[in-house]
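In: Just a sequence and a predicted model for now, questions to come.
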Amino acid sequence: MMRALLYSLLLLTFTSVTQAQQRVPLIDAQQTIGGWTFDNGREFPGAVGHLELKQEDPPTLTLHGDFTGGGMYVQAARRLPDVPIDTVSFQVNVPRGVQKLTTRLIDGTGQCHQLDIRLGDKGGWQQFSFPVARYFDSLEAGAPMDIVTRYQKWSGANDGRWHQPGKLLVFLAGREALQDGSISIRNVTLLPTPPKVELTKTLRLDELGEEGTGPWQYNNGSEFPGAKGSLAVIEGPTENQPALRLRADFSGGGRYVGTRNPLATFDVKRTEAIHLQVRSDEVNEFSLRLVDGSGQTHQRHGLKMVADGQWQAMTIDPNKIAGGEHWGGANDGKWHGAAKLIEVMLNGRSSDAQSMQLDLADIRMEAIVEGQRSAHAWNEDFAQEASDWTCEGNVTKQSQLTLRRTLEALSQPASASSAPFPVQAGTWEFAYRWKSDLHSPDNSFHGAVAIKTFDENGKLVATFPLAIGYGERDWSKVSKLVRIPAAVTSAKWDVRLNKTYGEFAIDDLSAARLVVQPAEPSVESIRIASQAIGNLFYPGDAVEFQVTVPTAKALPKSDQQLHLEVRDYQGRVIGSPERVSLTSVEGKQQREYQACIALDATELNVGQFYELHVSIPQGDGDPVTEFSGFAILPEAVSKQYQPEQIPFTIRNWDSRIGDYFYLADRLGLRMLGVWGGWSNKPPYTPKLPGLETVQKLNAKWVTGTPCSRVEDEGFKNVTEASLREGMTNFLNEYADQGLAMIALGNEPHGKGQVVLDNVKAYRAVYESVKAFDPTIHVIGTSVEPNDEYFQAGYQNYLDSYDFHIYEHYTKVRRTMGEYRELMRKYDAVKPIHSTELGLNSQGQARQAVAIELIKKCTVFFAEGGETVSWFTIMYPDKDGNARGQFGDAHCVFDCKYNNYNPRLDAVTYYHLINSLGVKKFQKETQHPDGTQEFLFADDAGACLKIVWNDERRKSVDLSVRADAKVDVIHIDGSRKLIDANRALVSIEVSKEPVLVLYQQPSL
């Protein structure tokens, strides 16, 4: 159904779109007072005044008013032509000190929108363009443009949305604006909206495909362990109409199970309603989650139904679901735009029975869709043999493109590339379907799809990642808009497997250029940089940013300004928004503008995470926006100790990059991962890139070894002699230059002979290290608790174990427990490290990443772990295309244009490292109300409690010394100092952990 909808939209013609949009003047010198009317605000009696038209060039309206007899305002009003409105522009002359102009816009439903438009306070003539359509889009998205200082609405639809066409434009003036007796208005014009086709369509959400549950996913509510359930396809209420059956069993605990459908790929402007049928013998109510266009989650419990085993029709109005429990996105409890996700949930209140099932069928979304696409420029459904693809490895092209690779062939490539097809500059939509059955311990083990673009000479211009697929997943849809650069003349699809084995398939590929193109931007990018490493300023530093703006053409004077505001991690604006002038820079190969932004550091809290948001207007087009994180952080406390005293290490996507070392050091990391090694041919020359930087930072280093190469490809290019002699050469050269530990390998895969070969490599390196110096610590390869490795004796060739986890933090404790069982079984008890804890962060809010970072590291130490590394710091993004992609999402620093700046989790990481310092785990307390409390302390009695509650927000009493000075650090680095006047101090906790610091000489 969705494909048929797209095709129907593509067949629409938009001949009028290409016609230039003409401005409509709203002051007609040939009509009485220009076609305008006067009113004295009669609902507040007493005001007098009049409206006159001055026959000047241009014609000018002057609004007079006198409030000596009372009243509140006078107004000038004009009926609007019957056309959809994009922008209303005007010039206004107001007295000095007047900072706003009140306007009213009456829309097509009769709804009155009253807006106080922000003005400069210097008086005189001011030019203003009010982008009507764009403003109400921003209002609906929960992030209203700051050009309006106050917004009110009433009458008509009374929903805060703009309904075309507009009916009336009104300018109001009260006592402040009319302090000189009058204000003047001229050059009032209306720019019509380019014609678009808005269609009301019913989109089916229950197309399940030939196998599996289609886009519907089962959610076991794993954050509350114990529930059991399933999702299956059953026969629906009519023939050939499948349904879904959601089962739940809470006899073993748990809070809920659900089934969800991510709808982000639907080309929907607004969701009007969701229709479905439900059936159950025992379920009396269910819960619902909807995610709106701003990313805000709305949750409602207690949606009633009759448990009579009969199909019942239900209609869900998103506006009625909103207003209750909500989080994320706009976070205002209001519904915004299109539904991005729907989830139906069962919980303990759904039925009196512990075990229950709910059937769902005929699921449809009533939506508003805009037709904007051209006919497909390129498509491929693999209905016939596609001979023009270039393939490596096991690739088939029957009915779909499938890449296959076995564990034994892991070192062999698996990729496919289409023949080039012509494209032209502009915004394109690339779409496809995919499914996967891949081995994916984390999302770096995946199938990747990208578009490669080329110039007329066949030279690669840019690569645009579209999406990745990992793990086991049935058919899912991807649709992504890409702006093709002017130099590009052709493009190719590129599909490949990275690190993993299994099957990855794609189908129904399409590429289409938008017919209604967004306005060609004058501004090509905004680049925000500072002199501070990673935008982490020291207290006392000037908080200044350099903004560079490359442009395709000269900016008009009215657009040569930068709008800026500072926000906290919840999106609240700090201080007042400002404007800074842009200055044209001469002598550059590319035209560009620059500005310097200086923030008042006295308005900012030391230690707290902030974001600088900037935008540049583009006439009547959309403004270009950008943001950059920053914080004011003291030098890391960890620098006061020896590197080996701090229980954190770090490894990076590429540990040879200079910036990586400095960013890690700024957070307080003292044992830095490096890519040490040696050539595999005699004389086995050692190498250690980054050594000078590590020494400059007074840090120590942790290196890997070529054992990882054996793990990837066996003894194909590595020999036992090269491992033994190379390791000895390496230690002779570098062992006395800051070596902290050696990590043997990284995430090996395979069984049987592969395991034996790997252990042979570990033994060769380990024995060489111990022969050189028995005190050097060797960390084993990072492998899951694996009995086969213990059977092969790998535990004899390491001083500590290593594992990686990217799942929920509770899996850290599970894995460490499994390791301890194997240690006891094989009498090989040794410490445990983790060289990578992380989260599959793509699509996650940084708040979720920061929360998981603290919880994973905390429980790791509580379980007796030695050192831990959060993955990861950074990877260069010179062209600015990586933000939001899976690799970039793992980085705690935003790397766009290589202007490294912190994400929320970078500041969280800094506070965790430096609050923990040299403190050791003492005890944990699991409270009956779900609060989890972990105590760390050092020999001097400095204490750290890390506290959270996964289930609810609670005020809890923590035991401290009666006269303790308590420092509470929240997830964003904001702090609260408490003078304890009793042995208990009250702290508010939630799913966001808090760090509680205090002094307690005796524990």
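Out: Structure received.

In: only C-alpha atoms for contact and neighbour calcs from this point on.
Out: Will do.

In: what are the ranges of the strands in the stretch 401-550 of the chain?
Out: 401-405, 415-417, 421-422, 426-438, 446-454, 460-469, 472-484, 490-498, 502-513, 527-529, 536-537, 543-550 (DSSP state E, counting those that start in this stretch).

In: right, so of the ones you listed, which gets closest to R79?
Out: strand 426-438 (36.5 Å; CA to CA).

In: Show me what that closest one pairs with in its sheet, parallel or antiparallel.
Out: In the sheet, strand 426-438 lines up against strand 472-484 (antiparallel), strand 502-513 (antiparallel) (DSSP bridges).

In: Could you give the separation of the first one from the chain centroid?
Out: Pointing back at strand 472-484 there. Centre-to-centre, strand 472-484 and its host chain are 16 Å apart (CA atoms, centre = their mean, to the nearest Å).

In: out of everything not next to it in sequence, what's closest to T815?
Out: Excluding the flanking residues, the one nearest T815 by CA to CA, 6 or more residues apart in numbering is P785, at 6.9 Å.

In: Ok, Y73 next?
Out: G174 (4.2 Å).

In: What score does that neighbour have for pLDDT?
Out: On pLDDT, G174 comes in at 91.

In: The stretch 701-850 of the chain: helices as residue ranges?
Out: 707-713, 720-734, 753-772, 787-791, 810-825, 846-862 (DSSP state H, counting those that start in this stretch).

In: for the chain, same thing?
Out: For the chain, applying DSSP state H gives helices covering 2-10, 132-140, 318-321, 658-667, 691-696, 707-713, 720-734, 753-772, 787-791, 810-825, 846-862, 886-889, 904-916.

In: Out of those helices, the one nearest L115 is which?
Out: Across these, closest to L115 is helix 132-140 (CA to CA), at 10.8 Å.

In: returning to that earlier point: check the gap between the residue nearest to Y73 and Q75 for me.
Out: 9 Å (CA to CA, to the nearest Å).

In: Could you tell me which residues touch both of these two?
Out: Residues touching both G174 and Q75 do not exist when contact is defined as CA atoms under 8 Å, 6 or more residues apart in numbering.

In: For these two, indicate the residue with more neighbours.
Out: A side-by-side neighbour count of G174 and Q75, using other CA atoms under 10 Å, places Q75 first with 24 against 20.

In: Now the more buried one: closest residue in space that isn't a chain neighbour?
Out: Leaving aside its chain neighbours, Q75 sits nearest to L172 (4.3 Å; criterion: CA to CA, 6+ apart).

In: Same check on Y593?
Out: S584 (4.4 Å).

In: thought that neighbour was touching Q594?
Out: Yes. Using CA atoms under 8 Å, S584 is in contact with Q594, at 6.5 Å.

In: Distance of the nearest residue to N93 once chain neighbours are set aside relative to G884?
Out: Closest residue to N93 apart from its sequence neighbours, by CA to CA, 6+ apart: W125 at 4.2 Å. From W125 over to G884 the distance is 44 Å, taken as CA to CA.

In: again, but for G35
Out: Relative to G884, G35 is positioned 51 Å away (CA to CA).

In: Now do the same contact list for the closest residue to Q560 other than its chain neighbours.
Out: Excluding the flanking residues, the one nearest Q560 by CA to CA, 6+ apart is L582, at 5.0 Å. L582 sits next to Q560, Q561, L562, Y593, Q594, A595 when contact means CA under 8 Å, 6+ apart.

In: Quick check, the last one in contact with S584.
Out: Same thing as A595. No. A595 is beyond contact range of S584, at 9.1 Å (criterion: CA under 8 Å).

In: Nearest to L667, out of the helices of the stretch 701-850 of the chain?
Out: Here helix 846-862 is closest among the helices of the stretch 701-850 of the chain (CA to CA), at 14.1 Å.

In: which residues are contacting that closest one?
Out: So helix 846-862 is contacted by 808-810, 812-813, 837-839, 841, 868, 870, 903-905, 908-909, 912, 921, 923-924, 934, 946, 971, 991-993 (CA under 8 Å, 6+ apart).

In: Give the pairing partners of the lengthiest strand in the chain; include direction for each.
Out: Scanning the chain for the strand with the most residues, using DSSP state E, yields strand 355-371. Here strand 355-371 is paired, per DSSP bridges, with strand 197-204 (antiparallel), strand 242-249 (antiparallel), strand 270-279 (antiparallel).

In: comparing these, which gets the lowest mean pLDDT score?
Out: Per-stretch mean pLDDT for these is lowest at strand 197-204 (a mean of 67).

In: most packed of the strands paired with strand 355-371?
Out: Ranked by mean neighbour count, the strands paired with strand 355-371 are led by strand 242-249 with a mean of 22 (mean count of other CA atoms under 10 Å).

In: export that one as CSV, just CAs?
Out: Taking Å, rounded to 0.1, in the frame of the first residue of the first chain, the C-alpha atoms of strand 242-249 are listed here in CSV:
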residue,chain,number,x,y,z
PRO,A,242,-3.4,-11.5,8.9
ALA,A,243,-3.5,-10.3,12.5
LEU,A,244,-1.0,-10.1,15.3
ARG,A,245,-1.2,-11.9,18.7
LEU,A,246,0.7,-10.4,21.6
ARG,A,247,1.1,-12.8,24.5
ALA,A,248,2.2,-11.9,28.1
ASP,A,249,3.0,-13.8,31.2
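
In: And the contacts of that strand?
Out: 206, 208, 213, 227-237, 256-259, 346, 354-362.

In: for stretch 538-554, same thing?
Out: If you take CA under 8 Å, 6+ apart as the criterion, stretch 538-554 is touched by 521-531, 537, 590-601, 606, 632-635.

In: In PyMOL, select just the buried ones from those.
Out: Restricted to buried positions by 16 or more other CA atoms under 10 Å, the PyMOL selection for the contacts of stretch 538-554 reads:
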select buried, resi 521+522+523+525+526+527+528+529+530+537+591+592+593+594+595+596+597+606+632+633+635
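
In: partner residues bridging G426?
Out: Beta-bridge partners, per DSSP bridges, of G426: I484.

In: my read: it touches A512, true?
Out: No. With contact defined as CA under 8 Å, G426 and A512 do not form a contacting pair (10.4 Å).

In: So the two - more neighbours on which side?
Out: Neighbour comparison, G426 and A512: the larger count goes to A512, with 20 against 17 (by other CA under 10 Å).

In: How far does stretch 817-827 sit from its chain's centre?
Out: The answer for stretch 817-827 is 39 Å, by CA atoms, centre = their mean.

In: and that stretch, C-alpha only, in PDB?
Out: Extracted C-alpha coordinates of stretch 817-827, given in PDB (Å, rounded to 0.1, in the frame of the first residue of the first chain):
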ATOM      1  CA  GLY A 817      29.300 -14.000  36.900                       C
ATOM      2  CA  GLU A 818      29.600 -16.400  34.000                       C
ATOM      3  CA  TYR A 819      33.400 -15.700  33.900                       C
ATOM      4  CA  ARG A 820      33.700 -16.400  37.600                       C
ATOM      5  CA  GLU A 821      32.000 -19.800  37.100                       C
ATOM      6  CA  LEU A 822      34.500 -20.700  34.300                       C
ATOM      7  CA  MET A 823      37.400 -19.500  36.500                       C
ATOM      8  CA  ARG A 824      36.200 -21.900  39.300                       C
ATOM      9  CA  LYS A 825      35.700 -24.700  36.900                       C
ATOM     10  CA  TYR A 826      39.200 -24.500  35.500                       C
ATOM     11  CA  ASP A 827      40.900 -23.300  38.700                       C
END
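
In: Pull out the buried positions in that stretch.
Out: Neighbour-count burial for stretch 817-827 flags Y819, R820, L822, M823 (criterion: 16+ other CA under 10 Å).

In: pLDDT and distance to L246 added to these, as a markdown table?
Out: Output for those, formatted as a markdown table (pLDDT from 0 to 100; distance: CA to CA, whole Å):
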| residue | pLDDT | distance to L246 |
| --- | --- | --- |
| Y819 | 97 | 35 |
| R820 | 96 | 37 |
| L822 | 97 | 38 |
| M823 | 97 | 41 |
